[in-house]
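Participant: Okay, predicted coordinates and the sequence, questions at the end:
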Amino acid sequence: MENTYYINTHHHGWIASTVYSAWVAGPGTISYTESKTASNSTTFTVTGGGSITALLAQAQYQLSVAFATSTSVTKSWTYAKNVPSGTTKRAVFSHDGEKMTVTKYVENANCTTTPYTDGVSYAVYPGTDPNNYCLSLDTYPATSWQQASGGCSDH
């Protein structure tokens, strides 16, 4: 039996990559210069598991937007960010993408369909253009997602 997927909601935002600084307690400054590879991967969780490939095909069809299973770029990262007093933060490079809530429909042998409405995916857009990346401060404890309500910003 084949599973099908439906995208219920989606929000543009930023998905944390593998390039980030150490945590710094404020007040302070995070300064960083290093050549590294920033990587991101699309993730998908739902009861009983699911196919990222099938999900992305449905998302691309339903939303008319291209997605990638993963992205990576190697470059020299240089930045300085101020950490406010009374906070603990890290600098993190993120890649743009979508957070989606997903329903998985399973076709059963008895000709019924079972919906699983607990699916969540963080799907990255393809591309290694600098505009696909965002540098922001992440508040402790770490988050892997930042919704874009006006662009990339510290949180």
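Facilitator: Structure received.
Participant: If we ignore the residues flanking it in sequence, what's nearest residue 33?
Facilitator: Spatial nearest neighbour of residue 33, chain neighbours left out: residue 78 (4.5 Å); criterion: CB to CB, 6 or more residues apart in numbering. C-betas here are computed from N, CA, C, even on glycine.
Participant: do you know how far the one you found is from residue 129?
Facilitator: 18 Å (CB to CB, to the nearest Å).
Participant: could you pull out the helices for this protein?
Facilitator: For the chain, helices defined by DSSP state H occupy the ranges 52-63.
Participant: so where's the longest strand in it?
Facilitator: In terms of residue count, the longest strand belonging to the chain (DSSP state E) is strand 88-107.
Participant: any idea how far residue 101 is from residue 131?
Facilitator: Here residue 131 is placed at a distance of 26 Å from residue 101 (CB to CB).
Participant: Could you pull out the strands in the chain for me?
Facilitator: Going by DSSP E, the chain shows strands at 3-20, 24-25, 28-41, 43-45, 70-83, 88-107, 113-124, 133-139, 145-147.
Participant: just so I know, which of the ones you listed lies nearest residue 62?
Facilitator: strand 3-20 (5.0 Å; CB to CB).
Participant: Tell me the helices and strands packed up against the worst-scoring helix or strand of the chain on mean pLDDT.
Facilitator: Within the chain, no helix or strand scores below strand 145-147, which has a mean of 76 by mean pLDDT, DSSP states H and E. Under the contact criterion of 3 or more CB pairs under 8 Å, 6 or more residues apart in numbering; DSSP states H and E, strand 145-147 touches strand 3-20, strand 88-107, strand 133-139.
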